[in-house]
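Asks: Predicted model, plus sequence, below.
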Amino acid sequence: MDWGVKPGTPDQSSSDPGCSMLDAGSGERRVNPGKALRAVNDPEAPPTQQKPPAGPASRPFELLFCDPTGAPVPSVTFLYLVEDFAALNARLRQPQPDGAALPNHAEGASDDAGVFCPPMSPHSAFLRLRLTSSQWMPLHRTSHSPGLAEDEEGVFLSSGKRREVVTLCPAKSVKLVVRYADLASFEGEVSVAYRHIGESLRGFERPRTFALESQSDIHVERVPRKGELEVVASNRRAGFRGMHRVVVATEDIQGVFEIVVPATAEEAGVRIKLGEVPNQVAIQIVVMVQIGTLVGGGQSEGGSEFVQMGLRTSEKLRILVTTETMAWESELFQLQPGEVREFTPKLERYCTCKARIVDENGSPLWPSMLNGYPDRYASWFFARTSRRWDGRENKKWRQCWVDQRGDATITNMPAGKRSIVAEAEGYESRQLDVELKPGEIHDLGEIRLKRAAGVIIIKLTNYDATKPYYASLGQPKSGLVSVPVAFAGGTCRLENVPYRWLYVIVQGKKRGGGGSRGVDFTLTPDKPEITIELDVAELQTD
């Protein structure tokens, strides 16, 4: 969609820990390693270096802990660590494992007003937190840093920021017992993830894995009191690979919650015979539902068998078997309870598909994408953060961005009937159905896309001009993209929106946690424009 953001321009709203380390005139990095590595409270440092300089850098930084209603939360205990730029960059190069101890950490707690002021220095860049209070948990991660463990929070300390709000929600601890109905003893693992109530579009987050020995209890700390848990139990032994998934409301868990994995005879699965593949050839197997979500798979080799149990019987499935040079893909199928269906793949050489994507005038349309797996991603919806607008392809999902001439080539495509989709932001996508022969290089020629004509008008009731509001647009169950628009007088207008089933949300906090208001709708050629009204009176804002 044409929202006025130039392709390839970095997101100015993201926090770049290296920005303040660049010389504004030359763009060269200016770092004093000795000064950057000096501890905040170095006892051997000269007295003049322990005193912070006068000015904005000496003002205290506040962390405000509040609940979803905005009320302060006192006496929240946590471990924290203030990092300078050198420590931050070193950690980003080597991410921390889950549960890793914070080096040289300190203990902290919020006061009666829910406020905590960490010690700061002119070189402070990032604040790491790990809650120790068992009754509270973060509603959502406050900011993103690839080097954080899953149980940590992070806050960037930019020069102009003096306060960060950490929204907490009530938490509880649960005990789980997982046992198999037809196995006296086993070894495996259990993955536990959670999501808050009413966030079915967001998906489960922060999975934690526990080793499973016989029928040992699993103690899971800090899950939402009002939410859902996704528990995936897997057991591995010779000739068997089982998986069982359960979703349970946390309010229903009182005391110890027992999960019984059905007997193997009751589970549905597939048996893939790889006898026609030469021995010692590495094989990758993927089992997915119709929309593309992975539900099983693994690695094997030619001449063997692969068994996947615990598959869903409520949805249609597809199997993809690949090697470095060949592939095979099954038709969609649906299993019955207790059924184990056999497949004998006949692998064929990969195909190649290429095209040139242009606009209505015949000019190269850049950026745009050739998508060989439209079931995996909703049409027109881009993984915007990848910014692969230089002709590179994502072989895993059979996608390729065009180069500046508008050319795109997808390799490693399985033979057979394919739906190839040309997509560009702000344009109506176009789908072409082709049948690829093994080893074929198929040229789709020139694909012309029409400008999208849909219009969305968002009106905010109880709008406060002194507060910020953020809009996001996407397709239900496919994810959301932030829309860089301004609400002038409580109204904004989005143009060049494709005709789709869409979902719009508005929130007051850029990183979430302050509530949101949303609605889904459909744009069609008969109804190209829609006006939606959202009440934002109860939203918390940055």
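Replies: Good, I have the coordinates.
Asks: check contacts around residue 533.
Replies: The contact partners of residue 533, by Cβ atoms under 8 Å, 6 or more residues apart in numbering, come to 459, 460, 461. C-beta coordinates here come from the backbone N, C-alpha and C atoms, glycine included.
Asks: mind redoing it with 10 Å?
Replies: Applying Cβ atoms under 10 Å, 6 or more residues apart in numbering to residue 533 gives the contacts 457, 458, 459, 460, 461, 490, 491, 517, 519.
Asks: Surely residue 175 touches residue 256?
Replies: Yes - with contact defined as Cβ atoms under 10 Å, residue 175 reaches residue 256; the gap is 4.6 Å.
Asks: got any residues that touch both of the two?
Replies: Common neighbours of residue 175 and residue 256 (Cβ under 10 Å, 6+ apart) are 217, 218, 219.
Asks: neighbours of the first one, just the number please.
Replies: Other residues near residue 217 number 10, with proximity taken as other Cβ atoms under 10 Å.
Asks: same question, the one 10 residues further on
Replies: A total of 20 residues lie near residue 227 under the criterion other Cβ under 10 Å.
Asks: ditto for residue 334
Replies: Neighbours of residue 334 under the rule other Cβ under 10 Å: 14.
Asks: Setting aside sequence neighbours, what's the nearest residue to it?
Replies: Distance criterion Cβ to Cβ, 6 or more residues apart in numbering; nearest residue to residue 334, sequence neighbours excluded, is residue 316 at 5.0 Å.
Asks: Let me know the pLDDT of the one you found.
Replies: pLDDT recorded at residue 316 is 84.
Asks: before we move on, what about the one 4 residues further on?
Replies: Note for residue 320: predicted pLDDT of 84.
Asks: hang on, residue 122 packs against residue 84?
Replies: Yes - at 9.3 Å, residue 122 counts as touching residue 84 under the criterion of Cβ under 10 Å.
Asks: between those two, who's got more neighbours?
Replies: Under the neighbour definition other Cβ under 10 Å, residue 122 and residue 84 were set side by side, and residue 84 has more, 20 against 13.
Asks: Report whether the expected contact of that one with residue 123 is present.
Replies: Yes - with contact defined as Cβ under 10 Å, residue 84 reaches residue 123; the gap is 4.2 Å.
Asks: What are the structural domain limits within the chain?
Replies: Residue ranges for the domains of the chain, per automatic domain parsing: 19-161, 171-266, 272-348, 351-448, 454-535.
Asks: Quick one: end-to-end distance for the shortest one.
Replies: What that stands for is domain 272-348. End-to-end span of domain 272-348 (Cα to Cα, to the nearest Å): 16 Å.
Asks: again, but for stretch 300-310
Replies: 18 Å.
Asks: Using neighbour counts, pick out the buried residues of it.
Replies: 300, 302, 306, 307, 308, 309, 310 (16 or more other Cβ atoms under 10 Å).
Asks: Kindly reformat these as JSON lines and extend each row with pLDDT.
Replies: Shown next, in JSON lines, are these (pLDDT from 0 to 100):
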{"residue": "300", "pLDDT": "82"}
{"residue": "302", "pLDDT": "82"}
{"residue": "306", "pLDDT": "86"}
{"residue": "307", "pLDDT": "82"}
{"residue": "308", "pLDDT": "80"}
{"residue": "309", "pLDDT": "75"}
{"residue": "310", "pLDDT": "72"}
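Asks: Greatest separation within the residues you listed: which pair is it?
Replies: 302 and 310 (24.9 Å; Cβ to Cβ).
Asks: Could I get the full set of strands for the stretch 401-542 of the chain?
Replies: Assigned by DSSP state E, counting those that start in this stretch, the strands in the stretch 401-542 of the chain fall at 407-413, 416-423, 430-436, 441-448, 454-461, 470-475, 479-483, 491-497, 501-507, 516-522, 529-535.
Asks: Among those strands, show the one with the smallest mean pLDDT.
Replies: Here the lowest mean pLDDT among these goes to strand 479-483, at a mean of 59.
Asks: tell me which element residue 259 falls in.
Replies: Element membership for residue 259 (DSSP states H and E) is strand 256-261.
Asks: What strands flank that strand, and is each parallel or antiparallel?
Replies: strand 163-180 (parallel) (DSSP bridges).
Asks: Can you point out the buried residues in the strand it pairs with?
Replies: For strand 163-180, the neighbour count (16+ other Cβ under 10 Å) marks 164-169, 171-172, 174, 176, 178-180 as buried.
Asks: can I get those in CSV with distance to residue 447?
Replies: Output for the buried residues of strand 163-180, formatted as CSV (distance: Cβ to Cβ, whole Å):
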residue, distance to residue 447
164, 47
165, 47
166, 48
167, 45
168, 50
169, 47
171, 51
172, 53
174, 52
176, 51
178, 50
179, 55
180, 52
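Asks: Could you dump these into JSON lines with distance to residue 328 and pLDDT added?
Replies: Output for those, formatted as JSON lines (distance: Cβ to Cβ, whole Å; pLDDT from 0 to 100):
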{"residue": "164", "distance to residue 328": "51", "pLDDT": "81"}
{"residue": "165", "distance to residue 328": "52", "pLDDT": "82"}
{"residue": "166", "distance to residue 328": "50", "pLDDT": "84"}
{"residue": "167", "distance to residue 328": "48", "pLDDT": "83"}
{"residue": "168", "distance to residue 328": "50", "pLDDT": "86"}
{"residue": "169", "distance to residue 328": "46", "pLDDT": "84"}
{"residue": "171", "distance to residue 328": "46", "pLDDT": "85"}
{"residue": "172", "distance to residue 328": "47", "pLDDT": "86"}
{"residue": "174", "distance to residue 328": "42", "pLDDT": "85"}
{"residue": "176", "distance to residue 328": "38", "pLDDT": "82"}
{"residue": "178", "distance to residue 328": "34", "pLDDT": "77"}
{"residue": "179", "distance to residue 328": "37", "pLDDT": "73"}
{"residue": "180", "distance to residue 328": "32", "pLDDT": "69"}
